[in-house]
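Q: fold the following, please.
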Amino acid sequence: MPTNTNTESCIRNERGALVFSAPGSGRLRDGSRVQIVDVFTLQVATGYTRDPQGRLLLEAQPSVAAGRSWSLAKAAQLIRNDARPHRWVALELNKRAWGLFWAGGGLQRCRELLADRVSETEACSALVPATPEALLRLMVELEPQEQHSERTKPRVSAWALIGWTSLAWLTLLGMTVAGFWGALERQERKLDRLLQQANQTKDLIQRGRPGIHGPLTIR
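A: Got it, this is the predicted structure:
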């Protein structure tokens, strides 16, 4: 997946948590709404519990719709205190932030940054490839996992289903367009190098080789 240069300005560390926000938004306020994303397993935090040793563990599902939203202050606290703090990103609930994170290379860049910090004990889950199909499932999967009771199932209206599906397809389209522009940019750079080499060769021919008087004529 190509990396958009704008993504670097979207990523920052705040209160011990990696945060991805819309470009130009600067430092987010404590009350800004975010979702907590596991960038390695492509899951969104739905709550938290504690293990037998009393350590906090964020719970997550492979569904954006099932994921909860949190204030930035609360999300940073949860990420910082989680037993596996180096797998989570607080993603601002903002259309531009979403586009750059899911389709503009932000997810991949956050994976790279966190991979340098994650320990062997934290890296206990297999890396889920960030393919268009995987992201599409993440955004249209509206049913919670089977272990959740009927009482805790989120109620999703028909309009919400339409909205999430539309967002998923727009994200998939964005990934396709981003890939196209990335390939086009690479071809343009390659063409520029070829043109530069051709011009240098032409200049050498016009100046003539050592021992030959006068420039050569190119027909």
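Q: so where is the chain shaky, pLDDT-wise?
A: Across the chain, the ranges flagged by pLDDT under 70 are 1-6, 120-126, 140-187, 208-219.
Q: next secondary structure after the strand ranked longest in the chain?
A: If you go by DSSP state E, the chain has its longest strand at strand 43-50. Next in sequence after strand 43-50, counting helices and strands by DSSP states H and E, comes strand 56-61.
Q: could you give the angle of that next one to strand 43-50?
A: Calculated by axes from the mean of the first three to the mean of the last three CA atoms, to 10 degrees, strand 56-61 forms an angle of 140 degrees with strand 43-50.
Q: same for strand 56-61, what does it pack against?
A: Contact here means 3 or more CB pairs under 8 Å, 6 or more residues apart in numbering; DSSP states H and E; on that basis strand 56-61 packs against strand 33-38, strand 43-50, helix 72-81. Heads up, the C-betas are built off the backbone N, CA and C, glycines and all.
Q: what comes up buried for that strand?
A: Neighbour-count burial for strand 56-61 flags 56, 58, 60, 61 (criterion: 16 or more other CB atoms under 10 Å).
Q: as CSV, the residues you listed with distance to residue 135 would be great.
A: Converted to CSV, those look like this (distance: CB to CB, whole Å):
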residue, distance to residue 135
56, 27
58, 20
60, 15
61, 15
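Q: for these, which one is nearest residue 199?
A: Residue 199 lies nearest to residue 60 out of the buried residues of strand 56-61, by CB to CB, at 55.0 Å.
Q: where does residue 195 land in three-state SS?
A: Under DSSP: H, G, I helix; E, B strand; the rest coil, residue 195 falls in the helix class.
Q: from now on call the first residue 42
A: Right, with 42 as the first residue, what we last looked at is residue 236.
Q: all strands for this structure, in order.
A: Using DSSP E, strands in the chain cover 52-55, 58-61, 74-79, 84-91, 97-102, 111-112, 129-133.
Q: please identify the pairing partners of the shortest one and their relative orientation?
A: Looking back up the chat, that one is strand 111-112. strand 74-79 (antiparallel) (DSSP bridges).
Q: then the fourth one?
A: When sheet partners are counted by DSSP bridges, strand 84-91 sits next to strand 74-79 (antiparallel), strand 97-102 (antiparallel).
Q: was I right about residue 148 contacting residue 139?
A: No. Counting by CB atoms under 8 Å, residue 148 does not reach residue 139; the two are 10.7 Å apart.
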